[in-house]
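*Asks:* what would the 3D arrangement of this be:
(one chain, ligands or ions: 1)
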Amino acid sequence: MARTVLVTGGNRGIGLAIAQAFAKQGDRVAVTHRGSGAPEGLFGVQCDITDSAAVDAAFTTVENELGPVEVLVANAGITQDTLLLRMSDEQFTDVLDTNLTGSFRCAKRAATKMLRARWGRIIFISSVVGLYGSPGQVNYAASKAGLVGMARSITRELGSRNITANVVAPGFIETDMTAVLPEATQAEYKKSIPLGRMAKPEEVAGAVTWLASDAAGYITGAVIPVDGGLGMGH
Ligand code: NDP
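*Replies:* Predicted coordinates for the structure are as follows:
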């Protein structure tokens with residue numbers, strides 16, 4: 001059954017791979033972007049998820065064009081890495097405002113219509129770093145760990161309405177976000193990954209489409225790692 005899917009930050013990177021995977025299986029897919037426009041073949045809405053009014057307007061546009069959002073993939077995220085003692089309040093709160101509060105804004109807006117439909121799937125894109133920790137990423141790791149508590153609380157609030165909330169925790173994925181890491185750092189990371197390599201964005205998309213599928217209807221409040229074994233033991 002075709003669903004209406006919204007992927008935040010679906011204009012590039014992991015979000016784009018996720019959006020394309022849903023589109024390939026016949027779903028109606030919308031992506032948010034912040035001015036780049038939508039990739040070919042996908043419906044785009046301009047939206048900065050740090051702005052509640054923009055989130056509301058984006059959802060309204062998607063509802064009018066494609067129908068109420070049945071599957072939300074809260075994927076948009078940023079990093080602003082630096083060591084704890086150098087991290088400004090602004091660097092901390094900016095990352096939290098996008099990664100955690102931005103996901104909250106989208107989940108809240110999506111839930112209003114999911115409750116009415118008594119069906120919904122919310123998938124948060126966290127990170128292995130959320131539970132594993134990472135030097136220089138106190139802000140980012142805190143935001144990504146917060147998504148786990150958020151998903152599990154939504155699970156307890158909305159589970160009886162047939163709404164599931166799950167977390168996908170990718171490891172190191174080949175996108176713009178990791179391309180900025182120095183070669184030496186990338187090589188160091190690869191050594192600690194049991195599979196010995198970084199992943200393609202498409203390898204994250206498979207877990208996300210599965211979580212939204214009927215086959216995963218009884219899975220909620222889960223954290224699904226897609227990390228080549230990096231975070232085992234979470
Ligand atoms: P990219 O840097 O390639 O893309 C980030 C996306 O988020 C872009 O679409 C960007 O939009 C969007 N975005 C950022 N801030 C906002 C905002 N305020 N409002 C709306 N959209 C915004 O990242 P990835 O594809 O690598 O990462 C996607 C998600 O996966 C992120 O949450 C990231 O933390 C997570 N992740 C990534 C990993 C990796 O190794 N790459 C590992 C683990 C998790 P725009 O194009 O307008 O800038």
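*Asks:* ok, the longest helix along the chain near the ligand or not?
*Replies:* Ordering each helix of the chain by length in residues (DSSP state H) puts helix 138-158 first. No. Counting by CB under 6 Å from any ligand atom, the ligand is not contacted by helix 138-158; separation bottoms out at 6.7 Å. C-betas here are computed from N, CA, C, even on glycine.
*Asks:* what are the buried residues along that helix?
*Replies:* 138-148, 150-152, 154-155, 158 (16 or more other CB atoms under 10 Å).
*Asks:* show me what the helix or strand encompassing residue 108 is packed against.
*Replies:* Taking DSSP states H and E as the definition, one finds residue 108 inside helix 102-117. In terms of contacts (3 or more CB pairs under 8 Å, 6 or more residues apart in numbering; DSSP states H and E), helix 102-117 is packed against helix 52-66, strand 71-74, strand 120-125, helix 138-158, strand 163-170.
*Asks:* what number of residues lie near residue 64?
*Replies:* 8 (other CB atoms under 10 Å).
*Asks:* the ligand contacts on this structure?
*Replies:* 8-9, 11-15, 32-34, 36, 47-50, 75-78, 98, 102, 125, 127, 170, 172-173, 175-178.
*Asks:* using CSV, write out every CA atom in stretch 40-59.
*Replies:* Provided in CSV are the C-alpha atoms of stretch 40-59 (Å, rounded to 0.1, in the frame of the first residue of the first chain):
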residue,chain,number,x,y,z
GLU,A,40,14.6,15.3,-9.7
GLY,A,41,11.5,13.2,-9.3
LEU,A,42,10.8,14.1,-5.6
PHE,A,43,8.4,16.6,-4.3
GLY,A,44,10.2,19.3,-2.4
VAL,A,45,9.2,21.8,0.3
GLN,A,46,11.4,24.5,1.6
CYS,A,47,11.7,24.2,5.4
ASP,A,48,14.2,25.1,8.1
ILE,A,49,13.3,22.7,11.0
THR,A,50,14.6,25.2,13.6
ASP,A,51,11.5,27.3,12.7
SER,A,52,8.1,25.8,14.0
ALA,A,53,6.1,28.0,11.6
ALA,A,54,8.1,26.7,8.7
VAL,A,55,7.6,23.1,9.8
ASP,A,56,3.9,23.7,10.1
ALA,A,57,3.7,25.3,6.6
ALA,A,58,5.8,22.5,5.1
PHE,A,59,3.5,19.8,6.5
